[in-house]
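**Student:** how does the following fold in three dimensions:
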Amino acid sequence: MAGAGVAGRRFRKARPAATRRSARRARAAVTPASHRSKSGGASVLGVEGADPSGGVFASGRVGMRRNDEKTSSLLAPVRISFSLRITVIAIILGKLHKYISSKDRARQSQPGPPEPSGTASRTMASIAERTFIAIKPDGVQRGLVGEIIKRFEQKGFKLVAMKLIHASEDLLREHYIDLKDRPFYDGLVQYMHSGPVVAMVWEGLNVIKTGRVMLGETNPFDSKPGTIRGDLCVQVGRNIIHGSDSVESAETEINLWFTPEELVDYRSCAHEWIYE
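**Tutor:** Prediction:
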């Protein structure tokens, strides 16, 4: 047996150098270069990635490094895409701001509508017509203020002034100055002075004439159903409401009961739904 071992060693020694080089090349071809050690061409990872320092498997760390590299490569285009979206949004907002600003400047530079003339002018004047309406003390005491206001609002007229006032005798005598020669003049003044009065100014198309129709006749007995006096009172001495009967009387009564500062000029949001 000893002789066989010696013969084997002699046989290995007797192999030519070319054969040994061929064997090394074959092993190198089978083992990837990344798995060979710098010292002798042996596999650094071994069968399953053995660690050359202590033989501990390092496949877990290798897998983690590969996963991190894959994640980084996947996130890179996402970061670029998000940044690109932010830039695009900023550009769009900038252009939108310029567009809106140019529209505003163009709108401001446009001339206003022409002044109404002829029939249109007369219609506008009629729409701006105003009348004086007063709810008398009996109407206030009976709680009819809301009902009366509701009727004027539902008709489409605009309230431009209103106040609750305990009118002085001087104011009331001036208000009914055209009746001073009537036998009921003093009694009328005392009746109007007996409690608070709700004074109002209403505005709208033909509001003076229409307001008188809504009030009804001076005597409730002669007033038609559907009118304020026809529905809400029964006797002429307690006919609950007063309304101007002409443009001249409306102007006089409004100036008597209100100052110019108390008249509120505004455009109702319902204007386009009431007038053509």
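
**Student:** for the nearest residue to Leu188 once chain neighbours are set aside, give me its contacts.
**Tutor:** Spatial nearest neighbour of Leu188, excluding adjacent residues (CB to CB, 6 or more residues apart in numbering): Tyr176 at 6.0 Å. Every C-beta, even on glycine, is put in place using the N, C-alpha and C of the backbone. Contacts of Tyr176 were listed using CB atoms under 8 Å, 6 or more residues apart in numbering, and they are 185, 188-189, 192.

**Student:** buried subset of the residues you listed?
**Tutor:** Among the contacts of Tyr176, those classed as buried by neighbour count (16 or more other CB atoms under 10 Å) are 188-189, 192.

**Student:** list phi and psi for the closest residue to Ser194 other than its chain neighbours.
**Tutor:** Closest residue to Ser194 apart from its sequence neighbours, by CB to CB, 6+ apart: Pro137 at 5.2 Å. Dihedral angles of Pro137 (phi, psi; degrees, to the nearest 10) stand at phi -50, psi -40.

**Student:** show me where the stretch 151-276 of the chain has its helices.
**Tutor:** 169-175, 185-193, 207-215, 228-232, 247-257, 271-274 (DSSP state H, counting those that start in this stretch).

**Student:** let me have those in TSV, extended by distance to Asp104 and mean pLDDT.
**Tutor:** Output for the helices of the stretch 151-276 of the chain, formatted as TSV (distance: least, CB to CB, whole Å; pLDDT from 0 to 100):
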stretch	distance to Asp104	mean pLDDT
helix 169-175	50	97
helix 185-193	54	96
helix 207-215	37	98
helix 228-232	48	98
helix 247-257	39	98
helix 271-274	23	94
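
**Student:** out of these, the one nearest Val201 is which?
**Tutor:** For the helices of the stretch 151-276 of the chain, the distance to Val201 is smallest for helix 247-257, at 5.6 Å, taking CB to CB.

**Student:** which other helices and strands contact that closest one?
**Tutor:** Packing partners of helix 247-257 (3 or more CB pairs under 8 Å, 6 or more residues apart in numbering; DSSP states H and E): strand 130-135, helix 169-175.

**Student:** ranking those by mean neighbour count, which comes first?
**Tutor:** Greatest average neighbour count among the helices and strands packed on helix 247-257 goes to strand 130-135 (a mean of 24), per mean count of other CB atoms under 10 Å.

**Student:** mind listing residues that contact the helix or strand following that one?
**Tutor:** Later in the chain than strand 130-135, the nearest helix or strand by DSSP states H and E is helix 137-141. For helix 137-141, contacts defined as CB under 8 Å, 6+ apart pick out 145, 148, 164, 191-192, 194-198, 232-233, 238, 240-241.

**Student:** so, low pLDDT: which residues of the chain?
**Tutor:** 1-82, 106-125 (pLDDT under 70).

**Student:** first-to-last residue distance for stretch 233-245?
**Tutor:** In stretch 233-245, first residue to last residue: 20 Å (CA to CA, to the nearest Å).
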